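Peer 1: Would you be able to build a 3D model of this:
(chains A and B)
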Amino acid sequence: MSEGPSYGFDTLQIHAGSRPDPETGARQTPIYQTTAYVFRNADHAAALFNLQEVGYIYSRLTNPTVAVLQERIATLEGGIGGVCCSSGHAAQIMALFPLMGPGCNVVTSNRLYGGTVTQFGRTIHRFGWSARFVDTENLEEVDAAIDENTRAVFCESIANPGGYITDIEALAKLSEKHGIPLIVDNTSASPFLCRPIEHGATLVVHSTTKYLTGNGTVTGGAIVDSGEFNWSRNDKFPSLSQPESAYHGLKFHETFGPLAFVFHGIAVGLRDLGMTMNPQAAHYTLLGIETLSLRMKKHVDNALKVATWLERDPRVETVTYAGLPSSPYFERIAKVCPKGAGALFTFAVKGGYEACIKLVESLEIFSHVVNLGDTRSLVTHSASTTHRQLTPEQQKAAGAEPNVVRLSIGIEDPDDLIADLDKALTAATT
Amino acid sequence: MAVPATRELSDDQYRSLLKETKCFACVGVSANPLRPSYFVIRYLALAGYRVIPVNPAYEGMSLFGEKVVADLASIREDAEPDIVDIFRRPQEVPAIVEQAISLFPNLKAIWMQIGIKCPEAAALAESNNVVAIQNRCPKIERQRLFGELRMAGFNTRVISSRLKI
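Peer 2: As a prediction, the model looks like this:
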C-alpha cells in the first residue's frame, strides 16, 4: 500500500483507526454492541462470504469497535494490519495457526513468560505442533535448531520476567535465511519503546491486557502483520499459499497479496477458533492507548529510579533491569528500545525463597498479583506463581529462580514505591 | 525494497485519480472467479467504474456487462479508458504501455498490479504525461482510501477528524 502522510506517535495513538461516527458524528469511538449486521441484499451477503468484499458479517469475525483498535495497534507497530483476539495467549495461537501443521515446530527463545513456556512446551503438542527452546544469545544454537519442519522463530522483545532484551535484528536475519517468519511478543515493551517490524520481524503479538490497556481492566490480544513476508516463496505455508477449500479453492496470498495474513486471521482464524475480542474490551483498550506514550515514559523513569535504588541496597543480591549500566544487555537498549528498557524487572533478595514470600506479603503499595503493565505497581514471586509449573532449569533460563521477585513498576510517585520496598525489605530480612 | 523508478503518488493524488476515473481497461484479466484479477474487476465494476476486460483467450465473452476484447486496439470508440490496469508479466508491459499511449490521448494512468514492476515502461508513460503506478492494486488502494479496509483492521494511514473526507 502507498505511504500516506506521516504523523508522530502521540498523534497516532489518539487518531489512528478512529474517525467520527458517520451516523451521529460521535467523536469517541462508539461501542458497537451488536452480534450481527444487516446485509444490503443477497448478493452483498454472498460477496462478503466469498471474501470478494470487505464488510461486517458477524462479531465473531469483525466488529467496528474492535476494527478501530486493530488499525490503531497495527499503525503504532508499523504493520499492514492487525487482528485482535481474546487474550495474549490467544494471539500466540492465532499467530502460529496459519503457519503450522501437524509435525511442524517453532524455534523459540527460552526467555519467555512462564505461561508461554507451558503453552508451547506442552499444550500445543495436542495439535501435533512442537517447540524447540533455545538460548537466543547463541545464534549458532538457534540456527542449528531450525530444520525443514520449522515454521517460525519466536521471542519476546523485552523478556518477561525482565532483564533481557532480545537482539531482534539478528534473529530476523536468521529467520529470513531459512525462509521463515520471526514472531515477536512485544507486550513488555509496547510499540512506544520497541517496534519489532523495523528490526525485521514479520509478526508482532501482544497481550493488550498489559501496557496497551494500561489500567488492568480487560484481557485481550493482538497480532500485527508487517505485510512484507512472501508466503508463496516456498512450500512451507500452504494455508496461505495453497487453495483453501472452505473458500472454493481461493489462495489467500495470491488473491490478497500483502493483506493475506490478516484476512486469513479473520476468515479462518477467528471464524473457526473463535477467540474473539469483545467490543467492550476493545473500548477500554482504545481509551488506554490514547495515553500510552505518557504512561510509558513515566513507567520507564520510575523503573530506573527504583532499580537504581535497589541495586545499591545491601539487602538485595542482584537487580536484572537492563536499564542499569551493570546489565549485560545495557548496550542493546540503544539499538532495540532506545526510549527505555521497560518497567519490568526482577531482583534477588538475600535470604532466598522465604525472604521473598515475606517481602511480597509486607508490601502496602505494590499489589501481589500476576499481571504487568498496570498503572499500579505490581509484585509477583514468579517461582511460586507464573513460573511455578516450570522445572528448575526452565525457571533459571527464564530468570525466575526461587530467590527472585518480579516488579512491574507503575506510575505512582517513585519515592513512595522506594519507601514501600524499603519497609518490606526490612521486614523480610530481619 | 529498491527505490521505485517513478515518484510515488500521495494519498490525495490517489484519491483524485480514483475519483476522476470513469473507465478502466484491465489487460490480462481472468474469467475464473478464483483468480485475483477477477476479484479486482468485479470490485471495480461494483464500485461504479466501466471496466473493459482485455484478454484474447476470452474474446467475446461478457464480464460485468462488458464484452471481453482481444487487445487494447479492439476497444470500441465509445469507451476511452482513463486507466490501463495491467495483469501481465513485466516483459510484456512495455508493448502494452506503448499501445495504450498511442491509442488513448486522454489516458490518465498506467497501473501495474502487485508483483509487476517495469521501470522502463513507467518512464515512457511519465514522459508522455501519463501517471505510472507499479506493484500496487487499485482495489486495495481504493478500499484503503475510501474506508473499506478500516472494517478489517488494516493500517489505512488515513487520519482525519472530519465527518467526510
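Peer 1: you'd agree residue A:318 is up against residue A:348?
Peer 2: Yes - between residue A:318 and residue A:348 there is a contact under Cβ atoms under 8 Å: 4.7 Å. Heads up, the C-betas are built off the backbone N, CA and C, glycines and all.
Peer 1: okay, those two: which has more neighbours?
Peer 2: Using other Cβ atoms under 10 Å in any protein chain shown as the criterion, residue A:318 and residue A:348 rank with residue A:348 on top: 19 against 14.
Peer 1: and the more buried one, what is it in contact with?
Peer 2: A:316-319, A:401, A:403-405 (Cβ atoms under 8 Å, 6 or more residues apart in numbering or on different chains).
Peer 1: Between those residues, which sits nearest residue B:158?
Peer 2: The closest of these to residue B:158 turns out to be residue A:319 (Cβ to Cβ; 44.8 Å).
Peer 1: Burial check on that closest one, number of neighbours?
Peer 2: 24.
Peer 1: so what's it bridging to?
Peer 2: Applying DSSP bridges to residue A:319 yields these beta-bridge partners: residue A:347.
Peer 1: What is the end-to-end distance of stretch A:198-206?
Peer 2: 16 Å (Cα to Cα, to the nearest Å).
Peer 1: and what of stretch A:80-93?
Peer 2: Note: stretch A:80-93 ends 20 Å apart using Cα to Cα.
Peer 1: repeat for stretch A:245-264
Peer 2: First-to-last residue span, stretch A:245-264, Cα to Cα: 13 Å.
Peer 1: Start from the N-terminal end of chain B and give the helices.
Peer 2: In chain B, the helices defined using DSSP state H lie at B:11-20, B:36-46, B:93-103, B:119-127, B:138-145.
Peer 1: Please tabulate those helices in CSV, including the columns mean neighbour count, mean pLDDT and distance to chain A.
Peer 2: Below are the helices of chain B laid out as CSV (neighbours: other Cβ atoms under 10 Å in any protein chain shown; pLDDT from 0 to 100; distance: least, Cβ to the nearest Cβ, whole Å):
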stretch, mean neighbour count, mean pLDDT, distance to chain A
helix B:11-20, 16, 95, 5
helix B:36-46, 21, 94, 5
helix B:93-103, 18, 97, 18
helix B:119-127, 17, 96, 15
helix B:138-145, 22, 95, 6
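Peer 1: Not counting sequence-adjacent ones, nearest residue to the residue in the stretch 51-200 of chain A that chain B sits nearest to?
Peer 2: Closest contact between the stretch 51-200 of chain A and chain B, by Cβ to the nearest Cβ, is at residue A:70 (2.7 Å). Closest residue in space to residue A:70, ignoring its immediate chain neighbours: residue B:153 at 2.7 Å, by Cβ to Cβ, 6 or more residues apart in numbering or on different chains.
Peer 1: got the contact list for that neighbour?
Peer 2: Residues in contact with residue B:153 (Cβ under 8 Å, 6+ apart) are A:62, A:66-67, A:69-71, A:74, A:81-84, A:262, A:266.
Peer 1: Now do the same for residue A:86: its pLDDT.
Peer 2: Looking at residue A:86, its pLDDT is 98.
Peer 1: so it touches residue A:275, yeah?
Peer 2: Yes - judged on Cβ under 8 Å, residue A:86 makes contact with residue A:275 at a distance of 4.7 Å.
Peer 1: can you list residues touching both of these two?
Peer 2: Residues within reach of residue A:86 and of residue A:275 at once, by Cβ under 8 Å, 6+ apart, are residue A:221.
Peer 1: element containing the nearest residue to residue A:200 once chain neighbours are set aside, please.
Peer 2: Sequence neighbours aside, residue A:172 is the residue nearest to residue A:200 in space, at 2.8 Å (criterion: Cβ to Cβ, 6+ apart). According to DSSP states H and E, residue A:172 maps onto helix A:168-177.
Peer 1: Can you list the buried residues in that helix?
Peer 2: Within helix A:168-177, the residues that count as buried by 16 or more other Cβ atoms under 10 Å in any protein chain shown are A:168-169, A:171-172, A:174-175.
Peer 1: re earlier: could I have the buried ones of the contacts of residue A:348 as PyMOL selection syntax?
Peer 2: Burial among the contacts of residue A:348 is assessed by 16+ other Cβ under 10 Å; the matching PyMOL selection reads:
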select buried, chain A and resi 316+319+401+403+404+405
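Peer 1: quick one: common contacting residues for residue A:318 and residue A:348?
Peer 2: With Cβ under 8 Å, 6+ apart, residue A:318 and residue A:348 have no common neighbours.
Peer 1: Run through the bridge partners of the residue sitting nearest the centre point of chain B.
Peer 2: Residue closest to the mean C-alpha point of chain B, counted by Cα atoms, centre = their mean, is residue B:85 at 3.2 Å. Bridge pairing for residue B:85 (DSSP bridges) gives the partners residue B:26, residue B:111.
Peer 1: Next, the contact list for it, please.
Peer 2: So residue B:85 contacts B:24-27, B:40, B:111, B:113, B:138 (Cβ under 8 Å, 6+ apart).
Peer 1: just residue A:56 next, same as before
Peer 2: Residue A:56 sits next to A:37, A:62-64, B:151 when contact means Cβ under 8 Å, 6+ apart.
Peer 1: rerun at 6 Å
Peer 2: A:37, A:62 (Cβ atoms under 6 Å, 6 or more residues apart in numbering or on different chains).
Peer 1: cool, and the one 4 residues further on?
Peer 2: If a contact means Cβ under 6 Å, 6+ apart, then residue A:60 has A:274, A:276 as its contacts.
Peer 1: again with residue A:118
Peer 2: Applying Cβ under 6 Å, 6+ apart, the residues near residue A:118 are residue A:389.
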